[in-house]
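A.B. asks: here is a sequence together with a model predicted from it:
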2 protein chains.
Amino acid sequence: MADHTISRRRLLGTAGATGLALGAAGGAAGYAAASSGSSGGSDGSRAPLTSLGSDEVMFHGKHQPGITTPVQSCGHLVAFDLAPGTGRKEAAALLRRWSEVARRLMAGEPVGGEDRDTDVARDAGPSSLTVTFGFGHGFFGRTGLEKQRPAALDPLPEFSSDRLDKARSNGDLWVQIGANDALVAFHALRAVQRETGAAARLRWQMNGFNRAPGATARPMTTRNLMGQVDGTNNPKPSDDDFNRRIFVPDKPADADPAWMAGGSYAVVRRIRMLLDDWEKLSTKAQEDVIGRRKADGAPLTGGTETTEMDLEKTTEGGDLVVPLNAHARISRPDQNGGAAMLRRPFSYHDGFTAKGEPDAGLLFICWQADPLRGFVPVQRKLDRGDALSAFVRHEASGVFAVPGGAGPGEYVGQALLEG
Amino acid sequence: MADHTISRRRLLGTAGATGLALGAAGGAAGYAAASSGSSGGSDGSRAPLTSLGSDEVMFHGKHQPGITTPVQSCGHLVAFDLAPGTGRKEAAALLRRWSEVARRLMAGEPVGGEDRDTDVARDAGPSSLTVTFGFGHGFFGRTGLEKQRPAALDPLPEFSSDRLDKARSNGDLWVQIGANDALVAFHALRAVQRETGAAARLRWQMNGFNRAPGATARPMTTRNLMGQVDGTNNPKPSDDDFNRRIFVPDKPADADPAWMAGGSYAVVRRIRMLLDDWEKLSTKAQEDVIGRRKADGAPLTGGTETTEMDLEKTTEGGDLVVPLNAHARISRPDQNGGAAMLRRPFSYHDGFTAKGEPDAGLLFICWQADPLRGFVPVQRKLDRGDALSAFVRHEASGVFAVPGGAGPGEYVGQALLEG
């Protein structure tokens, strides 16, 4: 966890990375504290608000929340297009309203008075809620800010495995919501929508999930719907070059406009998994596709999840242990000029396609200071020779410029909109 | 929690209704215990498997799990139709396979050997997983068991607020999956589907959610997506007549076949909420629609959530405090001949409709010994004069006969299929 995301639990000095019970005494402000004064459950008992509910991520900070914050169990991604008549001034007012509602939501406070709040999150703590805002390519033209558009928002190259649905791709504005409670996340989504008013119209919306805190003893990495350990090679906040890889520097170089200081770029891909085909493979065949053991994510060449892969190791018969087209070999950072991105995905499951196949997979979200050094070169390599590509379809895509965080009294994007 | 659902936490003698940390020492068997022997997280740390993950509901028992089990945060409902050529014998084999996979899943064990398990639930505890099986009207004709079909499966009366999609209604077989971890629930869904083989074909599938354990201090009731406290008037396991209302008796009377001993009937309704309209109402107007305070679920006539509603109380101006068409007035058990059902719903959110309205609401599931005394009379009254009906649409419907639980060595439905 980077230093800008300070959870209430950390402030209170309790230990542990996830899910330790804190008890009602440490309950969050707002809704949950208010409910402590009301009557108990209908059987007269009162269950403790554990740290799952009371954990609070700070809205204000150098970077926006939801980037280095530990990934939550529930997520919503939503994109809007600016409405006709929404220019720079109206967009600034929208981002100011959104920032205020995000600050309140993340603190577990009701939003905008009794008649404006839907009460769906009432009784609950903020449950590690984060709300993150980004700008898409179209935003800048519609607000007369073309000159401020980062080059990183230029359309991505086309990849041969793309089957992109334009209606579910891109968008002028993007909002990422995450929380460890589904009702808290839904409440936040509706609140953000309500504040949108007439300034912008919904373009697309996707729901995702991850493992619940406390369900597993594996804290740093999760599994995806293929059953693979996911996120092993992520850069760590303790890495020397973590900030340089993920965030635009305080004094951006040529490629980035000054308003992106402390910001990051999000590449979002809806990647459907062809699970009916995947699950027909033996575990051994799946491991050859990935290059790692399914049980624990360790390289096929041995060790644990964090052991370096031995790319040269061969079997007694002379074959490479990690096949040339294994996903983990091709996507390794040191095979891609040191490129690195912070993968922070959600799984998704929207029932079934018209063909009866599961409409499920990964809402892939990766964060980087420069997509042309992060996502693009890796995806280009994967697109050419990744054994995994036979089992996935990229169905939607977007790139968003996510500005730095807002200080007290500021709103997200202020340096752009009032710059 | 009824006595047949014994969680691992209860066996270990720990206290509290939800979410207290148990620690890795109390970790569940199977997957999670196995992972304790492997390497830790990629930062070397190891988060505890809390009771959220380690809680285990027993598969075997007098009743099936998932009826009186506390509702979980993630749910899947799925219906199948028997395939041509699937008769009584093949259906019996299917229920035997399903029962075995449910038993293993609920114990947190891998299913059917390394190459059959998808590993999606690996590392996690059973997370209060329940898998519940039911039979729909069509099942009996296709298996030559018409004479065993309960009268309770006759089609429900049509209600004026119904806008039913037949493709998402009914079905020969119904499976309800619930867990406090989304990946555990998804893993179970895929495992059940895999065991289905060629015997049955997917008819419909829906995903739902509830509040996460630990997110709130309100243990007995949850909120729905309208922000209302939901489930206040549910019968309690401590009620004298609880079992009589919810379960078919050990020696069924005339209306029920013998094989339904210990069983229950589930009425399932996908109820879309017209949230854009609902959220335009003031809190006061919403409370008049429901007849209860939004903040804590107490009747408008005062007290707490569990206080009896004073149906005669008037304002100084002489108006009834709880309007005649208030939802809570009309649906009160003592206004319906003592009828009662156990409501155990999930919320759902499938994005947006073609009109841009939220496709969200309630996967209403209620349990009763007799739908003609439980769901039907209440819904008939609501259909005539419920103020809430302007804000909801019933979009799918099903009634399922859920047989009693299986003992060790038995499978669910055995008394029907081998009777």
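C.D. replies: All right, it came through fine.

A.B. asks: residue contacts, the residue nearest to A:D256 when sequence neighbours are not counted?
C.D. replies: In space, and not counting its chain neighbours, A:D256 is closest to A:V248: 5.0 Å by CB to CB, 6 or more residues apart in numbering or on different chains. Heads up, the C-betas are built off the backbone N, CA and C, glycines and all. Applying CB atoms under 8 Å, 6 or more residues apart in numbering or on different chains to A:V248 gives the contacts A:D256, A:M260, A:A261, A:G262, A:G263, A:S264, A:A369, A:G404.

A.B. asks: please list only the buried members of these.
C.D. replies: A:D256, A:M260, A:A261, A:G262, A:G263, A:S264, A:A369, A:G404 (16 or more other CB atoms under 10 Å in any protein chain shown).

A.B. asks: and A:V378, what pLDDT?
C.D. replies: On pLDDT, A:V378 comes in at 88.

A.B. asks: swap in the one 5 residues further on?
C.D. replies: What the model reports as pLDDT for A:D383 is 87.

A.B. asks: number of residues surrounding it?
C.D. replies: By the criterion of other CB atoms under 10 Å in any protein chain shown, A:D383 has 17 neighbours.

A.B. asks: which SS state does it fall under?
C.D. replies: helix (DSSP: H, G, I helix; E, B strand; the rest coil).

A.B. asks: that one and A:L342, how far apart?
C.D. replies: Using CB to CB, to the nearest Å, A:D383 is found at 21 Å from A:L342.

A.B. asks: repeat for A:W174
C.D. replies: 17 Å.

A.B. asks: look at the two and report which has more neighbours.
C.D. replies: A:W174 (25 against 22).

A.B. asks: which residues sit in contact with that one?
C.D. replies: So A:W174 contacts A:L77, A:V78, A:A79, A:F80, A:F133, A:G134, A:F135, A:G136, A:A266, A:V268, A:G398, A:F400 (CB under 8 Å, 6+ apart).

A.B. asks: what helix or strand does the first one sit in?
C.D. replies: Secondary structure assignment for A:L77, by DSSP states H and E: strand A:74-82.

A.B. asks: listing partners with orientation, what would you give for that strand?
C.D. replies: According to DSSP bridges, strand A:74-82 forms sheet pairs with strand A:173-179 (antiparallel), strand A:200-209 (antiparallel).

A.B. asks: among the ones you listed, which is the most enclosed?
C.D. replies: strand A:173-179 (a mean of 27; mean count of other CB atoms under 10 Å in any protein chain shown).

A.B. asks: so the helix or strand where A:H187 lies versus strand B:200-209, what angle?
C.D. replies: Per DSSP H and E, A:H187 falls inside helix A:182-196. Using axes from the mean of the first three to the mean of the last three CA atoms, to 10 degrees, the inter-axis angle of helix A:182-196 relative to strand B:200-209 is 70 degrees.

A.B. asks: what packs against helix A:182-196?
C.D. replies: strand A:74-82, helix A:88-106, strand A:173-179, strand B:346-352 (3 or more CB pairs under 8 Å, 6 or more residues apart in numbering or on different chains; DSSP states H and E).

A.B. asks: most tightly packed of those?
C.D. replies: strand A:173-179 (a mean of 27).

A.B. asks: measure how far it is from the centre of its chain, please.
C.D. replies: Centre-to-centre, strand A:173-179 and its host chain are 8 Å apart (CA atoms, centre = their mean, to the nearest Å).

A.B. asks: which single residue of the stretch 251-400 of chain A ends up nearest chain B?
C.D. replies: Nearest to chain B, among the residues of the stretch 251-400 of chain A, is A:T304, at 3.8 Å (CB to the nearest CB).

A.B. asks: report how many residues lie close to that residue.
C.D. replies: What A:T304 shows, counting by other CB under 10 Å, is a neighbour count of 15.

A.B. asks: just the one 10 residues further on next, same as before
C.D. replies: Under the neighbour criterion other CB under 10 Å, A:T314 is assigned a count of 12.

A.B. asks: leaving out sequence neighbours, find the closest residue to it.
C.D. replies: A:L320 (5.8 Å).

A.B. asks: report the contact partners of the one you found.
C.D. replies: Contacts of A:L320 (CB under 8 Å, 6+ apart): A:L311, A:E312, A:K313, A:T314.

A.B. asks: of these, select the buried ones using a PyMOL command.
C.D. replies: The buried residues among the contacts of A:L320 can be selected in PyMOL (16+ other CB under 10 Å) with this line:
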select buried, chain A and resi 311
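
A.B. asks: check the contacts of A:L320 and tell me the two furthest apart.
C.D. replies: Maximum pairwise distance among the contacts of A:L320 (CB to CB): 10.5 Å, between A:L311 and A:T314.

A.B. asks: list the contacts of A:P157.
C.D. replies: Counting by CB under 8 Å, 6+ apart, A:P157 has contacts A:V376, A:R380.

A.B. asks: go on, A:R163?
C.D. replies: A:R393, A:H394, A:E395.

A.B. asks: could you identify the helix or strand that succeeds the host helix or strand of the last one?
C.D. replies: Read it as A:E395. Assignment of secondary structure by DSSP H and E places A:E395 within strand A:392-402. Next along the chain after strand A:392-402, taking DSSP H and E as the criterion, comes helix A:414-417.

A.B. asks: pLDDT on that following helix, on average?
C.D. replies: 98.

A.B. asks: counting contacts, what elements does that helix pack onto?
C.D. replies: Right, helix A:414-417 is packed against helix A:88-106 by 3+ CB pairs under 8 Å, 6+ apart.

A.B. asks: okay if I get the strands paired with strand A:74-82 as JSON lines plus mean pLDDT and distance to A:K294?
C.D. replies: What follows is these, written out as JSON lines (pLDDT from 0 to 100; distance: least, CB to CB, whole Å):
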{"stretch": "strand A:173-179", "mean pLDDT": "98", "distance to A:K294": "27"}
{"stretch": "strand A:200-209", "mean pLDDT": "97", "distance to A:K294": "21"}
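
A.B. asks: in PyMOL, how would I select the buried members of the contacts of A:R163?
C.D. replies: In PyMOL, selecting the buried portion of the contacts of A:R163, with burial taken from 16+ other CB under 10 Å, looks like this:
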select buried, chain A and resi 394+395
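
A.B. asks: what sits up against stretch A:401-416?
C.D. replies: By CB under 8 Å, 6+ apart, the list of residues contacting stretch A:401-416 reads A:4, A:59-65, A:67, A:92, A:95-96, A:98-100, A:102, A:132-136, A:145, A:148, A:150, A:152-153, A:247-248, A:257-266, A:367.
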